[in-house]
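J.: below is the structure, and that's it, no one-letter string:
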């Protein structure tokens with residue numbers, strides 16, 4: 001299956017949605033809390049601005065919320081299947097504990113999903129940017 005050019009390749013690879021060659025985040029480790037928010041201003045390969053407009057990533061909070069709910073539902077279903085006699089307290093400890101641990105990757109995944117809603121893949125983006133820079 002051809003992944004390059006798909007939204008999934010950009011989202012899970014955390015790469016520029018336009019050219020899929022540069023990383024969205026300066027530090028690939030989401031648990032480096034001093035750099036968790038750090039993104040380049042634009043893609044160094046195709047020139048795509050990562051913050052399309054001021055406050056652009058506020059919308060990613062909705063995506064983050066949906067991902068968090070999906071995680072909590074998945075934990076609930078897994079517990080129903082694997083341990084049907086669980087208590088609400090056990091569910092809350094496992095679900096909320098897991099959610100706390102996964103917050104940094106969910107935050108970054110939500111930003112990757114959000115920018116991919118608005119920026120389309122362009123296989124010629126790098127070449128076009130090279131010509132644009134030299135004009």
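T.: That came through fine. All values derive from a computational prediction rather than experimental measurement. Numbers count the residues shown, from 1 in each chain.

J.: excluding chain neighbours, what is closest to the most centrally placed residue in the chain?
T.: Nearest to the mean C-alpha position of the chain, by Cα atoms, centre = their mean, lies residue 109 at 1.9 Å. Closest residue in space to residue 109, ignoring its immediate chain neighbours: residue 67 at 6.3 Å, by Cβ to Cβ, 6 or more residues apart in numbering. (C-beta placed from N, C-alpha, C; glycine too.)

J.: tell me which residues in whichever strand or helix holds the one you found are buried?
T.: Element membership for residue 67 (DSSP states H and E) is helix 60-82. Buried residues in helix 60-82, counted by 16 or more other Cβ atoms under 10 Å: 60, 63, 64, 67, 68, 72, 75, 79.

J.: what distance do you get for residue 98 to residue 33?
T.: Distance of residue 98 to residue 33, computed by Cβ to Cβ, to the nearest Å: 18 Å.

J.: these two: which is more packed in?
T.: Counted by other Cβ atoms under 10 Å, residue 98 and residue 33 do not tie: residue 98 has more neighbours, with 14 against 9.
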